[in-house]
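Colleague: only geometry, no sequence info:
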């Protein structure tokens, strides 16, 4: 049976089947049971054994120690990725956030979360950043960041100043490439929203496109989808400021958070464009 046939029979998405088969998504006992039924596995002892293995596999990721993390499947992919290309139109990406900025983002994005849940999400987000400091093989990260993320006051002016100074420090790292997409480029391929491309060291592993959504995230790995998003990302990089110009742009933006004339809805400085 093809993955499309399996997905159709079980009423789930084809990418979910593929991600499970490639070990890039945790498989739940219920999924094991359904797949065994579809594939005609009659030995109940084998089915029970496989279901038990799925329960145990769910405890292998470090993030499981923090409880029910809503984006655990993505963290599993991120933990295995050799490189990530990220486009973010609204906020600083989680891998580049300071603790104060991350705390403010979590509080604003999930106002219904309890203090305990918000604390766990903050710890997980900060621990994910260890990939950028891994000795020998740090995560290779490319980020195209819309100017809106620099303008949006998350937390307060001091939080933003600290966050942008942190960005300039990270952008100087050889394995991190940061580019800002200024407002004056107008409409561009990223207007439809955030996306990431995850690439893996094993040549046999396909790249995955990750689309974060409010209720359910999307994982795309069809070659045509990956190619289309790769082309979109290349287009965004071409329109964005160069890494050197980006550092200058951010340094100028930092001044707006220390100037007494700064207003969240204003534009007190004429920031460099190219």
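Modeller: Good, I have the coordinates. Everything numeric in this text was worked out from a predicted model, so none of it was measured.
Colleague: what's around the closest residue in space to residue 157 that isn't next to it in sequence, how many residues?
Modeller: Of all residues not flanking residue 157 in the chain, residue 257 sits nearest, at 4.6 Å (C-beta to C-beta, 6 or more residues apart in numbering). The C-beta positions use only the backbone N, C-alpha and C, and glycine is treated the same way. A count of nearby residues for residue 257, using other C-beta atoms under 10 Å, gives 19.
Colleague: for residue 257, what are phi and psi?
Modeller: phi -100, psi 0 (degrees, to the nearest 10).
Colleague: can you check the pLDDT for it?
Modeller: With respect to pLDDT, residue 257 scores 93.
Colleague: how about the contacts made by it?
Modeller: 157-158, 160-161, 164 (C-beta atoms under 8 Å, 6 or more residues apart in numbering).
Colleague: so which of these are in strands?
Modeller: Judged by DSSP state E, strands contain none of those.
Colleague: list buried residues within those.
Modeller: Buried subset of those (neighbour count, 16 or more other C-beta atoms under 10 Å): 160-161, 164.
Colleague: before we move on, back to that, could you dump the contacts of residue 257 to CSV with distance to residue 108?
Modeller: Shown next, in CSV, are the contacts of residue 257 (distance: C-beta to C-beta, whole Å):
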residue, distance to residue 108
157, 16
158, 16
160, 13
161, 18
164, 18
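Colleague: can you flag which of the residues you listed belong to helices?
Modeller: 157-158, 160-161, 164 (DSSP state H).
Colleague: let's have the buried ones among the contacts of residue 257 in TSV, adding pLDDT and distance to residue 112.
Modeller: Formatted as TSV, the buried ones among the contacts of residue 257 follow (pLDDT from 0 to 100; distance: C-beta to C-beta, whole Å):
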residue	pLDDT	distance to residue 112
160	96	25
161	96	29
164	97	29
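Colleague: quickly find the element holding residue 143.
Modeller: strand 140-146 (DSSP states H and E).
Colleague: make that residue 235, sorry
Modeller: Counting by DSSP H and E, residue 235 is part of helix 223-239.
Colleague: by contact count, what packs against that helix?
Modeller: strand 83-88, strand 140-146, strand 176-181, strand 195-199, strand 208-211 (3 or more C-beta pairs under 8 Å, 6 or more residues apart in numbering; DSSP states H and E).
Colleague: how about a cut-off of 7 Å?
Modeller: Secondary-structure packing of helix 223-239 (3 or more C-beta pairs under 7 Å, 6 or more residues apart in numbering; DSSP states H and E): strand 83-88, strand 176-181, strand 195-199, strand 208-211.
Colleague: that one: which residues count as buried?
Modeller: Under 16+ other C-beta under 10 Å, the buried positions of helix 223-239 are 225-226, 229, 232-233, 236-237.
Colleague: likewise stretch 154-173?
Modeller: 154-155, 159-164, 166-168, 170-171.
Colleague: start from the N-terminal end of the stretch 51-200 of the chain and give the helices.
Modeller: 72-80, 99-109, 115-128, 147-151, 157-171 (DSSP state H, counting those that start in this stretch).
Colleague: average pLDDT across the fourth one?
Modeller: Per-residue confidence for helix 147-151 averages out to 95 on the pLDDT scale.
Colleague: could we number from 44 for the rest of this?
Modeller: Renumbered: residue one is now 44, and that last one reads helix 190-194.
Colleague: who's in contact with that helix?
Modeller: Helix 190-194 is contacted by residues 131-135, 207, 223-226, 293, 296 when judged by C-beta atoms under 7 Å, 6 or more residues apart in numbering.
Colleague: just to revisit the earlier point, quick one: which two of the buried residues of stretch 197-216 are the most distant?
Modeller: 198 and 214 (20.6 Å; C-beta to C-beta).
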